[in-house]
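Colleague: Just to be clear, the model below is a prediction. Sequence and coordinates:
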Amino acid sequence: MHPFSTSSGTLEYHDQRVRGFTAIELMVVVSILAILAALAAPSFKPLIERWRVRSATEGLQSAIYFARSEAIKRGGNVVLQKLGSINGCTAPTTQEWHCGWYICEDTNGNKACTSSEPVLQRFDAPAKMEVVRTSNGASISFDRWGMPGQWLGFTLKPENSGANDPATLGVCMSSGGRVRVIPSEQTPCTDG
C-alpha cells in the first residue's frame with residue numbers, strides 16, 4: 001500500500017512537516033546554559049588548582065625516582081636541575097622551581113647541567129603554580145648510590161596562595177633516599 005493511499009484506494013495528502021527549534025528557542029537555551037556555566041565556574045577553581053598541584057607533585061616525585069635510578073645505573077653523575085625562565089615563566093631565584101626541571105648526565109662532574117650535556121628527562125610544570133625548594137639550590141646531584149647527600153624539600157602550591165591553602169603539597173626526600181608527599185599543614189619540609 002502506498003503511504004498516501006487509503007483502504008478505498010484514493011490518495012490523501014498528509015501534512016508531515018519536520019519540526020525543529022526556532023531561533024528564539026535556541027537563544028533561550030544557550031542563554032540558560034551560559035548562566036549555569038557562569039555560576040558553576042568558580043566552584044571548579046579549587047578542583048583545577050588541586051589538579052595542577054597534584055600533577056606537578058607527581059612529576060617531581062617521578063623525576064627524583066628517575067634521577068636516582070639513572071645515577072645508580074650510570075655510577076653517579078646525574079643532576080636534577082631547575083628550568084630557568086622559559087616560555088613566559090620566570091623563576092629568577094635558585095629556590096624557585098615553578099617553571100619545571102630536567103635531569104641530565106653530568107659528564108664534566110661539575111654537579112650542574114650545561115648545554116652540552118645530554119638531557120635524560122624534562123618536566124615543564126603546569127602554569128599558575130609555585131614550586132619552592134626549602135633550601136637554596138638550582139641543582140641536585142645524585143651519587144652512584146642514587147643519594148643526593150642531603151635532604152630535599154619542596155613546597156608546591158597554587159600561584160599567589162598561602163602555604164595553608166588546601167591544595168598545597170610538599171615533596172620531601174631524606175638523605176637516605178625516602179621520598180614522601182606531605183599535606184599542606186605539614187609544609188614546608190624541615191627534614192626528610
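Modeller: Cool, the structure landed.

Colleague: Mind jotting down where the helices sit in the chain?
Modeller: Along the chain, counting by DSSP state H, helices occupy 23-74.

Colleague: Where does pLDDT dip in it?
Modeller: Applying pLDDT under 70 to the chain flags the ranges 1-18, 41, 163, 191-192.

Colleague: run the last query once more with 80
Modeller: For the chain, the stretches with pLDDT under 80 are 1-21, 37, 39-46, 85-88, 136, 149-151, 162-164, 175-177, 186-192.

Colleague: Not counting sequence-adjacent ones, nearest residue to the residue nearest the centre of the chain?
Modeller: In the chain, the C-alpha nearest the mean C-alpha coordinate belongs to Ser55, at 3.4 Å (Cα atoms, centre = their mean). Closest residue to Ser55 apart from its sequence neighbours, by Cβ to Cβ, 6 or more residues apart in numbering: Pro126 at 5.5 Å. All C-beta atoms are positioned from the backbone trio N, CA, C, and that covers glycine.

Colleague: Repeat that for Phe21.
Modeller: Nearest residue to Phe21 in three dimensions, chain neighbours excluded: Val29, at 7.8 Å (Cβ to Cβ, 6+ apart).
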